[in-house]
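**Student:** okay, predicted coordinates and the sequence, questions at the end:
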Amino acid sequence: MRKAGYAALLATLLAAATGAGAQQYPTKPVRIVIGLSAGGGTDVLTRLIAQRLTDAWGQQVVVENRPGASGFIAGELVAKSPPDGYTLIMGAQSGLAVAPALYGRAPYDTVKDFTPVTQAGSTPLLMIVHPSFPAKSFGEFVTYAKKAPTLTYGSGGVGSTPHMAGELLNSLLSIRMNHVPYKGENPAIADTLGGQIPIMFGNISVAVPHVKAGKLRALANTSGARSQLVPEVPTIAESGFKGFAIATWYGLLGPAGMPPAVTSRIQGDVAKAVAQPETRDKLVNMGVDVVASPPDQFAAYLRSEVARYVKLVKDNNLKAE
C-alpha cells in the first residue's frame with residue numbers, strides 16, 4: 001500500500017510539473033523549420049502563424065528554411081532535435097508522406113519519429129486544361145479519357161501533390177495519363193497556357209488567376225469541398241466519384257516524445273492564431289482552407305496519408321525520376 005501511495009504521489013507531482021512547464025512555455029525563442037525555399041505557400045503560411053505566436057507568447061518564433069532532398073534535410077533536423085517544443089517543422093505531405101514512399105528511404109519514420117501537433121490547413125488543387133481541350137466538364141473528360149489513346153498531364157514536379165492527383169485519377173478511372181514533371185508550377189502553367197500540354201493539376205492559388213482570365217478552363221476541384229475562390233467549380237467527388245479527395249496539406253510537428261501538455265498548448269495557440277479574422281482572410285485569399293485540428297486527429301490523419309501514398313506508389317509502380 002505504501003509503495004502504491006508513493007507511486008501515485010510521484011505521478012501527481014510529475015503531472016503537476018508537466019502542467020507547470022506547459023504554462024511557462026515558451027521561455028526562449030522557438031524555431032519552425034520548413035523544407036522548402038522562402039516565398040512559397042508553405043513559407044507564407046508559416047510566417048503568418050509564426051508572427052501571431054510571437055505576439056501571443058512574447059518570445060520570437062523564427063522561421064528557418066532548409067530546402068533540399070525532397071524535405072528530408074528539414075525532417076531529419078527536427079526528428080533528431082530535443083523533444084521540448086522549441087524546434088518544430090511545418091511539413092507538407094510531399095516531404096512527410098509521399099517522398100518516403102517514392103524514394104523508398106528517408107532519414108526518419110514519419111509516424112514514429114515525430115509528434116503531430118496540428119494540421120494547420122490545406123490547399124485544394126484545380127484540374128485545368130487549355131481552352132482548346134475537347135472536354136468542357138469533368139464528366140466529359142472521363143468519357144474522352146476512356147477513348148483517347150494517350151493523354152499527358154503536367155505538374156510542378158515529381159512527388160508533388162499535383163503529380164499524385166494525376167496518379168490517383170489514373171487509378172480511379174483505370175486510364176493512363178502520362179506525367180510530365182516541371183521544375184515548379186509556373187513553367188507548367190506556361191506550357192499549359194501555350195498548349196504544349198493539355199492538362200495540368202495546379203495549386204488553386206496558382207491556377208485561379210488564369211481561370212478567371214479565361215485563359216484556362218477548370219474542370220474540377222480535387223479536394224473534398226468547393227473553394228471560396230472559385231465556388232462555381234465542382235469537386236471530383238460531386239462529379240460522380242465519391243470519396244476522391246486530394247489537397248496540399250500543411251502540418252506542424254515536433255520530435256517524437258514531446259510532452260502532451262506542451263503539444264496541446266502549441267496547438268491551441270495556433271488555432272487561436274488562424275482564427276483571427278485578419279489571418280484567416282489572408283489565408284482564404286491564398287486558397288488555404290484553415291483546419292487547426294487537435295493533435296490526436298492530426299496523428300490519425302497523418303497515419304492514413306502515409307499508408308495512402310505507400311499504396312499509391314506501389315500500385316502504380318511509381319519511381320523517383
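**Tutor:** Nice, thanks for sending it over.
**Student:** switch to C-alpha atoms for all contacts and neighbour counts from now on
**Tutor:** OK.
**Student:** list the beta-bridge partners for residue 180.
**Tutor:** In this entry, residue 180 is beta-bridged to residue 154, by DSSP bridges.
**Student:** tally of neighbours for it?
**Tutor:** Other residues lying near residue 180 total 16 when counted by other CA atoms under 10 Å.
**Student:** measure it to residue 149 for me?
**Tutor:** 17 Å (CA to CA, to the nearest Å).
**Student:** isn't there a helix covering residue 46?
**Tutor:** Yes - assessed with DSSP: H, G, I helix; E, B strand; the rest coil, residue 46 lies in a helix.
**Student:** right, and it touches residue 91 too?
**Tutor:** No - if you go by CA atoms under 8 Å, residue 46 and residue 91 don't touch, sitting 9.8 Å apart.
**Student:** tell me who's in contact with the spatially most central residue of the chain.
**Tutor:** In the chain, the residue lying closest to the centroid (CA atoms, centre = their mean) is residue 249, at 2.0 Å. Shown in contact with residue 249 (CA atoms under 8 Å, 6 or more residues apart in numbering): 92, 93, 119, 120, 121, 122, 123.
**Student:** state the next helix or strand along the chain beyond the longest strand anywhere in the chain.
**Tutor:** Ranked by number of residues, the top strand in the chain under DSSP state E is strand 114-129. Using DSSP states H and E, the helix or strand that follows strand 114-129 towards the C-terminus is helix 138-147.
**Student:** contacts for that following helix?
**Tutor:** By CA under 8 Å, 6+ apart, helix 138-147 touches 134, 135, 151, 173, 175, 219, 220, 236, 239.
**Student:** now that helix: mean pLDDT?
**Tutor:** For helix 138-147, mean pLDDT rounds to 95.
**Student:** what residues are up against residue 250?
**Tutor:** Contacts of residue 250 (CA under 8 Å, 6+ apart): 42, 90, 91, 92, 93, 119, 120, 121, 122.
**Student:** distance of the closest residue in space to the fifth one that isn't next to it in sequence from residue 77?
**Tutor:** The one in question is residue 93. Nearest non-adjacent residue to residue 93, counting by CA to CA, 6 or more residues apart in numbering: residue 249, 6.3 Å away. As judged by CA to CA, residue 249 and residue 77 stand 21 Å apart.
**Student:** repeat for residue 122
**Tutor:** 24 Å.
**Student:** and the two? Which one has more around it.
**Tutor:** residue 122 (21 against 17).
**Student:** now do the contacts for that one.
**Tutor:** Residue 122 neighbours (CA under 8 Å, 6+ apart): 247, 248, 249, 250, 288, 289, 290, 291.
**Student:** tell me which element the nearest residue to it once chain neighbours are set aside falls in.
**Tutor:** Once flanking residues are discounted, residue 122 sits nearest to residue 249: 4.0 Å by CA to CA, 6+ apart. Using DSSP H and E, residue 249 maps to strand 247-255.
**Student:** what residues are bridge-paired with residue 220?
**Tutor:** Under the criterion used here (DSSP bridges), residue 220 is bridged to residue 127.
**Student:** does it touch residue 126 like I think?
**Tutor:** Yes - between residue 220 and residue 126 there is a contact under CA under 8 Å: 5.8 Å.
**Student:** if we can go back for a sec, okay, the contacts of residue 122 in TSV with pLDDT next?
**Tutor:** Formatted as TSV, the contacts of residue 122 follow (pLDDT from 0 to 100):
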residue	pLDDT
247	94
248	94
249	96
250	95
288	93
289	92
290	93
291	95
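**Student:** wait, which of those residues is closest to residue 24?
**Tutor:** residue 291 (26.1 Å; CA to CA).
**Student:** ok now do residue 57, which residues does it touch?
**Tutor:** Residues near residue 57 by CA under 8 Å, 6+ apart: residue 26.
**Student:** look up phi and psi at it.
**Tutor:** Main-chain torsions, residue 57, degrees, to the nearest 10: phi -90, psi -20.
**Student:** next one, pLDDT for it please.
**Tutor:** 97.
**Student:** with the one 4 residues further on instead?
**Tutor:** Looking at residue 61, its pLDDT reads 98.
**Student:** buried residues in stretch 222-236?
**Tutor:** Buried residues in stretch 222-236, counted by 16 or more other CA atoms under 10 Å: 222, 223, 224, 225, 226, 227, 229, 230, 233, 234, 235, 236.
**Student:** would TSV of those residues with secondary structure and pLDDT be doable?
**Tutor:** Formatted as TSV, the buried residues of stretch 222-236 follow (DSSP: H, G, I helix; E, B strand; the rest coil; pLDDT from 0 to 100):
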residue	secondary structure	pLDDT
222	coil	95
223	coil	94
224	coil	90
225	coil	92
226	coil	93
227	coil	93
229	coil	93
230	coil	94
233	coil	96
234	coil	96
235	strand	96
236	coil	95
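**Student:** now, which of those sits nearest residue 206?
**Tutor:** Using CA to CA, those come closest to residue 206 at residue 229, 11.6 Å.
**Student:** show the contacting residues for the closest one.
**Tutor:** By CA under 8 Å, 6+ apart, the neighbours of residue 229 are 208, 284, 285, 287.
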